[in-house]
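Student: Would you be able to build a 3D model of this:
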Amino acid sequence: MPLPERTEQEMPVGTAKTLGDVLYAKPRNLPPEKEWTELVHRITARDQRALHALYERTHRIVFTLAVRITNNRETAEEVTVDVFHDVWRRAATYDAANGTVLGWIMNQARSRAIDRLRYEQRKKRVNDQPEDPVVDVLRDDAHEALAQRQEGNALRNALEALTPPEREAIETAFFSGLTHVEVAARLNQPLGTVKTRIRSGLGKLRDILAGSTKS
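Tutor: Numbers count the residues shown, from 1 in each chain. Here you go, the predicted structure:
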């Protein structure tokens, strides 16, 4: 599902200037609530077209709220993907007695964005240094090594040393040439989980392969 290139200008609620505008503004030409609940019921039945329809109606305002909370477009994009992944998985938990469908989605967006912001703040407190640039080098090296996996026992043994989720995420990403977002969608896992598995798996591969070249 493509994410928006623009935010406020294309928001269904008009031009929002504050967080309150995003949360409490009333979208123009809002469809009847019956249509919203019908989409959720169809999503519960695993109707992907219904999920796409709900995404088209709400992804811009979800993205805008995430940007305002996290102050980071890339993070907001990830939050938006995670929100609709949650909608797909948890549609059956929606209860109209607790509020509208849009309110339900926005509550999930707010919770996801705040959790992500707190996570990023904890990371900064633990390590004020920027991310080690060797990570990008490792990714490139691992990609090249995995592409040649049938050429030696060392790489096969290294892959076997990974946990099944790590191996699945890495193989899906590198062997299929997918982005992290596409891997998360294919594996039906949150984007943050997929990124963590790929990163931890690449680190293990690097250590194992480095050790094998020295021996």
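Student: Residue 166 and residue 203 touch, don't they?
Tutor: No: applying Cβ atoms under 8 Å as the test, residue 166 and residue 203 come out as separate, 9.7 Å apart. All C-beta atoms are positioned from the backbone trio N, CA, C, and that covers glycine.
Student: Between the two, point out the one with more neighbours.
Tutor: A side-by-side neighbour count of residue 166 and residue 203, using other Cβ atoms under 10 Å, places residue 166 first with 21 against 15.
Student: Tell me the spacing between the more buried one and residue 66.
Tutor: Using Cβ to Cβ, to the nearest Å, one gets 28 Å for the distance from residue 166 to residue 66.
Student: Contacts only, for residue 78.
Tutor: The neighbourhood of residue 78, defined by Cβ atoms under 8 Å, 6 or more residues apart in numbering, consists of 116, 181, 191-192.
Student: Then residue 187?
Tutor: Contact criterion Cβ under 8 Å, 6+ apart gives 168-169, 172, 194 as the residues in contact with residue 187.
Student: Check residue 52 and give its pLDDT.
Tutor: At residue 52, the predicted lDDT confidence score is 92.
Student: Where does it sit, in terms of helix or strand?
Tutor: Taking DSSP states H and E as the criterion, the element that holds residue 52 is helix 48-70.
Student: Can I get that helix in PDB, CA atoms only?
Tutor: Written as PDB, here are the backbone C-alpha positions of helix 48-70 (Å, rounded to 0.1, in the frame of the first residue of the first chain):
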ATOM      1  CA  GLN A  48      -8.400  -7.600   1.200                       C
ATOM      2  CA  ARG A  49     -10.500  -5.200  -1.000                       C
ATOM      3  CA  ALA A  50     -12.300  -4.000   2.100                       C
ATOM      4  CA  LEU A  51      -8.900  -3.400   3.800                       C
ATOM      5  CA  HIS A  52      -7.800  -1.400   0.800                       C
ATOM      6  CA  ALA A  53     -11.000   0.700   0.800                       C
ATOM      7  CA  LEU A  54     -10.600   1.500   4.500                       C
ATOM      8  CA  TYR A  55      -6.900   2.300   3.900                       C
ATOM      9  CA  GLU A  56      -7.800   4.700   1.100                       C
ATOM     10  CA  ARG A  57     -10.300   6.500   3.300                       C
ATOM     11  CA  THR A  58      -8.000   6.900   6.300                       C
ATOM     12  CA  HIS A  59      -4.300   6.500   5.600                       C
ATOM     13  CA  ARG A  60      -3.600  10.200   5.100                       C
ATOM     14  CA  ILE A  61      -5.000  11.300   8.500                       C
ATOM     15  CA  VAL A  62      -3.300   8.300  10.200                       C
ATOM     16  CA  PHE A  63       0.000   9.300   8.500                       C
ATOM     17  CA  THR A  64      -0.500  13.000   9.500                       C
ATOM     18  CA  LEU A  65      -1.200  12.200  13.100                       C
ATOM     19  CA  ALA A  66       1.900   9.900  13.200                       C
ATOM     20  CA  VAL A  67       4.100  12.700  11.700                       C
ATOM     21  CA  ARG A  68       2.900  15.100  14.400                       C
ATOM     22  CA  ILE A  69       3.600  12.700  17.200                       C
ATOM     23  CA  THR A  70       7.000  11.300  16.000                       C
END
